[in-house]
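Enquirer: coords please:
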Amino acid sequence: MVSDKARAALAALVLAAGSAGVVATLDSPRGAVACALAGLVAAALGWAALGRLAHPPAPPPEPPPAPRPDLDAALEHAPLALWRLTSGTQPLALNAAARRLVAPGRAVEPASLLALLDAEPGRRVVTLPTEHGQERAVLAVSALTVQGQAWRLAALAPIESELETEALAAWRQLVQVLTHEIMNSLTPIASLAASAPALLEAGEHEELQAALAALARRAAHLQGFVERYRSVSQPPAPTLADTPLLPLLQAVQRLVAPAWEAASGRVDIAVEPASLALRTDAAQLEQVLINLAQNALQASAERPAPRLLIEATLSRGARLRLTVADNGPGIAPGLEGRIFTPFFTTRAGGSGVGLAVVRQLVHGLGGTVRHAKRPGGGACFVLTF
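Expert: Numbers count the residues shown, from 1 in each chain. The predicted structure follows:
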């Protein structure tokens with residue numbers, strides 16, 4: 001279907017052409033001039049119409065979307081304190097949690113708190129000045145685009161109470177384990193020590209020697225327990241250096257592979273890309289991987305073909321990710337939160353310090369370690385640096 005603009009342009013061109021024909025047939029100069037001028041006007045109108053057809057006017061800008069009441073309400077009552085950061089101006093509080101943090105009586109120094117927000121994009125732990133002293137919080141600053149405008153958004157989440165709750169729970173678990181382990185040694189020691197004078201008076205030398213031997217064993221066990229506790233509570237300071245990961249994983253593979261092969265298993269490694277390197281203490285990171293490999297072998301020893309995979313890759317944010325995964329039975333449900341507690345163990349005769357030492361060393365190297373569930377089963381520990 002031909003539009004109105006197209007019809008107008010066509011009519012103007014036809015009129016111009018007709019005027020030119022009339023001019024060609026007229027003998028009167030005045031008439032020829034008049035017809036020529038009319039033809040020129042018609043041609044100009046036609047040319048303008050064709051230009052508008054080739055370059056249609058831009059549509060009017062769409063009005064900004066109307067605010068959504070449900071979204072505004074969710075933002076207003078979000079538990080995170082949110083600010084919009086703009087260079088050269090004061091941070092703009094976006095919800096009630098942000099306004100409460102700088103309200104009178106909440107922050108001792110609102111200016112100091114707002115100054116913390118002026119940070120580069122990323123996540124960090126900061127200390128907030130409050131009327132009760134200082135409180136730790138997680139600050140996350142993100143760069144994003146909202147309706148075509150560049151924003152910097154700051155989110156602040158106080159975590160002091162959550163950290164205190166987690167610390168109290170960890171200490172409670174640790175005290176329970178310590179009490180159980182120490183009492184298991186002290187109870188027979190106290191009983192044997194109490195019976196020793198009676199055995200001595202009765203001349204029961206063989207029984208006395210057996211009691212003394214038992215005392216020595218329990219004392220040695222208790223001494224070993226204290227040494228293990230020292231290894232957990234006092235990790236050595238790391239010596240950091242740029243370390244290529246492929247040679248390090250190959251060295252770990254050579255160390256642990258014989259034990260796995262003796263159990264009819266194997267150890268595989270993967271580094272992608274092969275040039276991956278990490279600034280770390282190579283000896284401590286090697287010890288971490290050896291501890292995890294030994295735990296995996298103990299858990300997978302009953303499997304017909306135990307397998308261990310140690311993999312190094314780059315995750316989102318260019319962070320290094322080390323994964324140690326086996327095909328054993330995995331961590332029993334409900335115990336995931338306790339496996340890193342010192343001296344907690346589910347294996348008979350286990351010391352319960354392996355994973356605790358792993359976590360201490362990884363944290364000392366500036367990383368984190370966690371247990372991850374695998375779709376195919378087995379245990380999987382993820383180290384992130």
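Enquirer: going forward, measure contacts between C-alpha atoms and count neighbours the same way
Expert: Will do.
Enquirer: Please identify the helix or strand for residue 199.
Expert: Using DSSP states H and E, residue 199 sits within helix 160-201.
Enquirer: Now do that helix, average pLDDT.
Expert: Average pLDDT, helix 160-201: 68.
Enquirer: again, but for stretch 242-258
Expert: The average pLDDT for stretch 242-258 rounds to 93.
Enquirer: Quick one: residues in contact with that stretch.
Expert: 266-269, 271, 274-282, 286, 289-290, 293-294, 310, 312 (C-alpha atoms under 8 Å, 6 or more residues apart in numbering).
Enquirer: what about 6 Å?
Expert: Here stretch 242-258 makes contact (C-alpha atoms under 6 Å, 6 or more residues apart in numbering) with 267, 276-279.
Enquirer: Just the buried ones among the residues you listed, please.
Expert: Among those, those buried by neighbour count (16 or more other C-alpha atoms under 10 Å) are 267, 277.
Enquirer: Taking the contacts of stretch 242-258, tell me the two that lie furthest apart.
Expert: Farthest-apart pair in the contacts of stretch 242-258 is 267 and 279; separation 24.7 Å (C-alpha to C-alpha).
Enquirer: ok so, going back, do me a favour and average the pLDDT over whichever helix or strand comes after the helix holding residue 199.
Expert: Later in the chain than helix 160-201, the nearest helix or strand by DSSP H and E is helix 205-233. Helix 205-233 carries an average pLDDT of 72.
Enquirer: before we move on, back to that, what about the contacts of stretch 242-258, which are in strands?
Expert: The strands, defined by DSSP state E, take in 267, 277-279 from these.
Enquirer: export those residues to CSV and tack on pLDDT and distance to residue 138?
Expert: CSV is the format used below for the ones in strands among the contacts of stretch 242-258 (pLDDT from 0 to 100; distance: C-alpha to C-alpha, whole Å):
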residue, pLDDT, distance to residue 138
267, 95, 39
277, 95, 28
278, 95, 25
279, 94, 25
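Enquirer: Same list, these, but as TSV with distance to residue 77 please.
Expert: Listed next are the ones in strands among the contacts of stretch 242-258 as TSV, based on distance: C-alpha to C-alpha, whole Å:
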residue	distance to residue 77
267	51
277	44
278	42
279	42
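Enquirer: so what are the domain limits for this protein?
Expert: Residue ranges for each domain of the chain read 4-54, 75-158, 167-233, 241-384, as given by automatic domain parsing.
Enquirer: And those domains, which one averages the lowest pLDDT?
Expert: domain 4-54 (a mean of 54).
Enquirer: Now for residue 248, how many residues are close by?
Expert: Residues lying near residue 248 (other C-alpha atoms under 10 Å) number 16.
Enquirer: ok so it is a helix residue?
Expert: Yes. Counting by DSSP: H, G, I helix; E, B strand; the rest coil, residue 248 falls inside a helix.
Enquirer: measure it to residue 79 for me?
Expert: 44 Å (C-alpha to C-alpha, to the nearest Å).
Enquirer: How about residue 359?
Expert: 30 Å.
Enquirer: Looking at the two, which one has more neighbours?
Expert: residue 359 (22 against 16).
Enquirer: Could you measure from the more buried one over to residue 376?
Expert: The value you get for residue 359 to residue 376, if C-alpha to C-alpha is used, is 25 Å.
Enquirer: Repeat that for residue 306.
Expert: Between residue 306 and residue 376 the computed distance is 14 Å (C-alpha to C-alpha).
Enquirer: Who has more neighbours out of those two?
Expert: In this view residue 306 and residue 376 are compared by other C-alpha under 10 Å, and residue 306 has more residues nearby, 21 against 7.
Enquirer: and the closest residue to the more buried one other than its chain neighbours, what is it in contact with?
Expert: Nearest residue to residue 306 in three dimensions, chain neighbours excluded: residue 265, at 4.5 Å (C-alpha to C-alpha, 6 or more residues apart in numbering). Residue 265 sits next to 305-307 when contact means C-alpha under 6 Å, 6+ apart.
Enquirer: okay, the residues you listed in CSV with secondary structure and distance to residue 330 next?
Expert: Below are those laid out as CSV (DSSP: H, G, I helix; E, B strand; the rest coil; distance: C-alpha to C-alpha, whole Å):
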residue, secondary structure, distance to residue 330
305, coil, 15
306, coil, 12
307, strand, 13
